[in-house]
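Peer 1: Structure here, sequence nowhere to be found:
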């Protein structure tokens, strides 16, 4: 990200920020001219950068991408072609990029859909000081991107955790009654106001909004785990366990969208099934990685080794969080009532973590009374010489308590676990 680059360079050379001390992104919709301007005070580009980064269509992948679109491919596969900047042509007829780097003059790059481009030195235009200004000339059927609500929604969705401030230029109209004498006075031209889209994350209202956007749940979460992984792979994550299970938790027609994937704080997707196994679908949260490309597609994610490492770490952290919940008996009873079937599904599907998940299981037994018992506790009560775990399955606790098969084991003093959920036999098998 251009702003991160200049911020990094300024750590060792503060003069780098002299041309424009503030780090920002500004969005300026112009309905009259049908343009959307995106201005940042980042590192900018030299003339060579413009030619190398924006000037070669083959390098950007746009040619292959447009050919794929014409052949009926879905727009969601954009990341396969490393299109990046050229995705702007999905909504525009022409793009003008004005940019200023500390080590070069200010230049203008201009291109239309056809593919040709020009790079000229900007001697008459507004001087940026440092940074880049992109002007998108929108197509007639894409003018929705000039609407304040549409822009706000996109910024809040994709740039919720961007560290710099994002400003949106908006027009506000106010009505005022005037007397006849005032009617002859010259009217002041109405000016636009700059509205700060990215509010301070520390405020309570913003925190509430972030949590609701992640969990779609008005209730307080049962547990939360915030962590970062460093080394050859770096990413940050925050995971939530809700207090209750959704009624459609095991609806196979519904796709999971509980873990949101960000790359360098930019939102990528909210239904990344590759991030977490199905049995942990109730866990909600955010993953932010610096190692994935910003324009990665769903097809590339499925083959990405980085994502597999992230998934392994997320599963480990989830199990750690469940064990932390288990330290509080009351909280764990709530958790187990809501999500025990998920744990049992995991025992069947996740052979790598099966032993850890088994420790989280709880059952009623012939000796536990109204309380649930763990397998570890069961082992401590096993009779001397007992080599097997005894269990009985049925549709309810009452049914197994009255089962005639228990009498012989009870007389011998063996403890028997009650497995009364349909998935119990599936997990044991």
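Peer 2: Alright, I've got the coordinates. What you see is a predicted model; the values in this text were computed from it and never measured.

Peer 1: Going along the chain, name the strands of the stretch 201-350 of the chain.
Peer 2: Per DSSP state E, counting those that start in this stretch, the stretch 201-350 of the chain carries strands over the ranges 223-229, 235-241, 259-263, 266-269, 284-289.

Peer 1: looking only at pLDDT, what's the mean for the second one?
Peer 2: Averaged across strand 235-241, pLDDT comes to 88.

Peer 1: With the shortest one instead?
Peer 2: In this model, strand 266-269 has an average pLDDT of 77.

Peer 1: can you check the third one too?
Peer 2: Taken as a whole, strand 259-263 carries a mean pLDDT of 84.

Peer 1: what's it packed up against?
Peer 2: Counting contacts by 3 or more C-beta pairs under 8 Å, 6 or more residues apart in numbering; DSSP states H and E, strand 259-263 is packed against strand 266-269, strand 284-289. Where you see a C-beta, it was placed from the backbone N, CA and C, and this is true even at glycine.

Peer 1: picking up where we left off before, so which of the strands of the stretch 201-350 of the chain gets nearest residue 107?
Peer 2: strand 266-269 (25.9 Å; C-beta to C-beta).

Peer 1: Show me what counts as buried in the closest one.
Peer 2: Of the residues in strand 266-269, those buried under the neighbour-count criterion (16 or more other C-beta atoms under 10 Å) are 267, 268, 269.

Peer 1: what's the closest non-adjacent residue to the second one?
Peer 2: Spelled out, that is residue 268. Nearest residue to residue 268 in three dimensions, chain neighbours excluded: residue 261, at 4.7 Å (C-beta to C-beta, 6 or more residues apart in numbering).

Peer 1: Would you mind confirming that that neighbour is in contact with residue 274?
Peer 2: No - distance between residue 261 and residue 274: 9.0 Å, which falls outside the contact criterion (C-beta atoms under 8 Å).

Peer 1: between the two, which one's more packed in?
Peer 2: Each of residue 261 and residue 274 had its neighbours counted (other C-beta atoms under 10 Å), and the higher figure belongs to residue 261 (23 against 17).

Peer 1: Could you report the separation of the more buried one from residue 292?
Peer 2: Here the criterion is C-beta to C-beta, to the nearest Å. By it, residue 261 lies 8 Å from residue 292.

Peer 1: Residue 262 too?
Peer 2: Computed with C-beta to C-beta, the distance linking residue 262 and residue 292 is 9 Å.

Peer 1: what's the overlap in contacts for those two?
Peer 2: The contact sets of residue 262 and residue 292 overlap at residue 268 (C-beta atoms under 8 Å, 6 or more residues apart in numbering).

Peer 1: buried ones in stretch 87-106?
Peer 2: Within stretch 87-106, the residues that qualify as buried by neighbour count (16+ other C-beta under 10 Å) are 87-89, 91-92, 94-102, 104, 106.

Peer 1: quick one: least confident of those?
Peer 2: Looking at these by pLDDT, the weakest one is residue 87, with 72.

Peer 1: Against residue 319, how distant is it?
Peer 2: For residue 87, the distance to residue 319 equals 39 Å [C-beta to C-beta].

Peer 1: Look at the closest residue in space to residue 53 that isn't next to it in sequence and say how many residues are nearby.
Peer 2: With C-beta to C-beta, 6+ apart as the measure, residue 45 is the residue that lies nearest to residue 53, at 6.8 Å, once sequence neighbours are left out. Counted with other C-beta under 10 Å, the neighbours of residue 45 add up to 23.

Peer 1: Mind telling me what element residue 45 is part of?
Peer 2: Following DSSP states H and E, there is no helix or strand that holds residue 45.

Peer 1: Help me confirm that it comes into contact with residue 99.
Peer 2: Yes - Residue 45 lies in contact with residue 99 (C-beta under 8 Å); the separation is 4.4 Å.

Peer 1: Flag the shaky bits of the chain, pLDDT-wise.
Peer 2: Using pLDDT under 70 as the threshold, the predicted model of the chain has low-confidence ranges 1, 55-86, 113-115, 160-161, 178-218, 247-257, 271, 293-303, 429.

Peer 1: What's the separation between the closest residue to residue 31 other than its chain neighbours and residue 326?
Peer 2: The shortest distance from residue 31 to any residue other than its chain neighbours is 5.2 Å, reached at residue 146 (C-beta to C-beta, 6+ apart). For residue 146, the distance to residue 326 equals 53 Å [C-beta to C-beta].

Peer 1: what are the ranges of the helices in the stretch 151-300 of the chain?
Peer 2: 180-183, 204-215, 298-303 (DSSP state H, counting those that start in this stretch).

Peer 1: Could you dump the strands of the stretch 201-350 of the chain into JSON lines and include distance to residue 400?
Peer 2: As requested, the strands of the stretch 201-350 of the chain are arranged in JSON lines below (distance: least, C-beta to C-beta, whole Å):
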{"stretch": "strand 223-229", "distance to residue 400": "31"}
{"stretch": "strand 235-241", "distance to residue 400": "29"}
{"stretch": "strand 259-263", "distance to residue 400": "37"}
{"stretch": "strand 266-269", "distance to residue 400": "45"}
{"stretch": "strand 284-289", "distance to residue 400": "35"}
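
Peer 1: who wins for proximity to residue 426 among those?
Peer 2: Among these, strand 235-241 comes nearest to residue 426, with 23.1 Å by C-beta to C-beta.

Peer 1: pretty sure residue 133 is in a strand, no?
Peer 2: Yes - assessed with DSSP: H, G, I helix; E, B strand; the rest coil, residue 133 lies in a strand.

Peer 1: Show me what it bridges to in the sheet.
Peer 2: Legend: beta-bridge partners of residue 133 under DSSP bridges are residue 39, residue 98.

Peer 1: so it touches residue 106, yeah?
Peer 2: No - distance between residue 133 and residue 106: 9.8 Å, which falls outside the contact criterion (C-beta under 8 Å).

Peer 1: Return every residue with contacts to both of those two.
Peer 2: Taking C-beta under 8 Å, 6+ apart as the contact rule, the neighbours common to residue 133 and residue 106 are 98, 99.

Peer 1: Many thanks, we can stop here.
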